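# Quick one, what's the 3D model for this:
(chains A and B)
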There are 2 protein chains.
Amino acid sequence: MPRWKPDARQRLIVAALELFAEKGYDDTTVAQIAERAGLTRSTFHRHFADKREMLAAGQQTLSRLLAEGITAAAPDATPMTAVAAGLERASMEMTSFNRELGPLMHAAVEANDELKQRDASKSTGMAAAMTHALSDRGVPRAVAQVAAELGVLAFKTGFARWVDPARDADPGELAPLTRAALDELRMAVTELR
Amino acid sequence: MPRWKPDARQRLIVAALELFAEKGYDDTTVAQIAERAGLTRSTFHRHFADKREMLAAGQQTLSRLLAEGITAAAPDATPMTAVAAGLERASMEMTSFNRELGPLMHAAVEANDELKQRDASKSTGMAAAMTHALSDRGVPRAVAQVAAELGVLAFKTGFARWVDPARDADPGELAPLTRAALDELRMAVTELR
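Take a look at the predicted model:
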């Protein structure tokens, strides 16, 4: 049983992911998603233009939060400190709803080539958003790119640990996990040669 | 006029990219690709199972070459030297056909959301292949991930410069460009802090 009280938007997302895992993304209709969620099509369309937008919305929010955190970092922050601020900002917004969505999302992605592509391209979108935010701070292009890639890796690693069902019943907040992952990567960089 | 003599496989790839840019990926059929290339459907199927495979084939080859170069690097090579060997291996296989495909590929990807997704997920596949090859050399996970991401960035940057129509008429070989891009990123790493 979920520990969150799902609102209409959350029920639609859960219903969609369940159906994507069961029937595949292509064969799932908006009508079916609404029905599974116990809602009407017009309620669906109050929240999302179509099923494609359901997936894009979360990705865009995540990219926006990462960039916002970078932009809001202290003016004299190093590129990696700015990236850490981006991770913090995005991590703080992730609730238990996001965490409990993890396994559902995983099942849907595994079941479906189209969703695998989208999942992979999410990383590219996150990296682009962070590179852009760092460039706006005056960070040279190549440095911004590397820092952004480390940020994406850290977020994905921290998130994967957070939603891993094999781990503790309560992993607590996401932020310490993405922070630890970023620290590991910063250490790794010193071992590259 | 292309400087390469296209064989059937190459003609099919060029025809497909032209049609993807003109009509979109979804609305292009195998029959249309074969017709544009002046070949039969059965010739198409001697080279590719379907249009989806046309795109996947190039990506898989690239990932394989990168991994092969890493695997073949000297046993005592550092992670970054192994990555450089991977880039070298893949770059050496890129011919003027690949270079002249660049603008066509770009036009097709820009015209089409499905292809944008695929293009983005290509980076993920390359990174995964290189991370795997590095891990097999005993490189710790986090170090392998970072080195692989730098390798992907370097390959993409070098390739983009290679195919850029705004640059010199003859950019020469790809290998020096990916090598230079990797060197830039290694420098950038020292500026991260």
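# use CA for all of it now, contacts and neighbours both
Noted.
# hang on, isn't residue A:44 packed against residue A:32?
No. When contacts are counted by Cα atoms under 8 Å, residue A:44 is not listed as touching residue A:32 (10.5 Å).
# The two: who's more crowded?
The neighbour count for residue A:44 versus residue A:32, taken as other Cα atoms under 10 Å in any protein chain shown, is higher for residue A:44 (23 against 17).
# and the gap between residue A:14 and residue A:45?
In this view, residue A:14 and residue A:45 are 16 Å apart by Cα to Cα, to the nearest Å.
# Tell me which of those two has more neighbours.
residue A:14 (21 against 13).
# who are the neighbours in contact with the more buried one?
The neighbours of residue A:14, taking Cα atoms under 8 Å, 6 or more residues apart in numbering or on different chains as the test, are A:37, A:101, A:104.
# Next, residue A:162: secondary structure please.
Classification of residue A:162 by DSSP: H, G, I helix; E, B strand; the rest coil places it in helix.
# Need the per-residue pLDDT for the most centrally placed residue in chain A.
Residue closest to the mean C-alpha point of chain A, counted by Cα atoms, centre = their mean, is residue A:62 at 5.3 Å. For residue A:62, the pLDDT comes out at 94.
# what do you get for residue A:3?
For residue A:3, pLDDT reads 49.
# ok so, going back, quick check: of the contacts of residue A:14, which lies closest to residue B:184?
Closest approach between the contacts of residue A:14 and residue B:184, by Cα to Cα: residue A:101, at 39.4 Å.
# Tell me, how many residues neighbour the closest one?
16.
# That one sits in which helix or strand?
Taking DSSP states H and E as the criterion, residue A:101 maps to helix A:96-110.
# buried set for that helix?
Across helix A:96-110, burial judged by 16 or more other Cα atoms under 10 Å in any protein chain shown covers A:96, A:99-102, A:104-106, A:108-109.
# Repeat that for stretch A:36-54.
Buried residues in stretch A:36-54, counted by 16+ other Cα under 10 Å: A:36-37, A:39, A:44, A:48, A:51, A:54.
# Is it in proximity to chain B?
No. Using Cα under 8 Å from any Cα of the partner chain, stretch A:36-54 stays clear of chain B, with a minimum separation of 11.0 Å.
# what about that stretch, start to end distance?
Per Cα to Cα, stretch A:36-54 runs 15 Å from first to last residue.
# can you list contacts of it?
Here stretch A:36-54 has contacts from A:8-9, A:11-16, A:29-31, A:34-35, using Cα under 8 Å, 6+ apart.
# So which residues on chain A come close to chain B?
A:78-81, A:117-121, A:124, A:142-143, A:145-147, A:149-150, A:184-185, A:188-189, A:191-193.
# my read: residue A:146 touches residue B:186, true?
No. In this structure, residue A:146 is not within contact of residue B:186 by Cα under 8 Å, at 9.3 Å.
# For those two, indicate the residue with more neighbours.
Set side by side, residue A:146 and residue B:186 show more neighbours around residue A:146, with 24 against 21, by other Cα under 10 Å.
# give me the element residue A:150 is part of.
Using DSSP H and E, residue A:150 falls within helix A:141-163.
# got the buried residues for that helix?
By neighbour count on 16+ other Cα under 10 Å, the buried set for helix A:141-163 is A:141-155, A:157-163.
# Check stretch A:62-78 too.
Those would be A:62-71, A:73, A:78, for stretch A:62-78 by 16+ other Cα under 10 Å.
# go on, stretch A:119-126?
Using 16+ other Cα under 10 Å as the test for burial, stretch A:119-126 gives A:119-126.
# same thing with stretch A:75-92?
A:78-91.
# Now, those that are in strands?
Among the buried residues of stretch A:75-92, none falls in strands (DSSP state E).
# From those, which land in helices?
Judged by DSSP state H, those include A:79-91 as members of helices.
# mind putting those residues in CSV, pLDDT included?
Formatted as CSV, these follow (pLDDT from 0 to 100):
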residue, pLDDT
A:79, 95
A:80, 95
A:81, 96
A:82, 97
A:83, 97
A:84, 97
A:85, 97
A:86, 97
A:87, 97
A:88, 97
A:89, 97
A:90, 97
A:91, 96
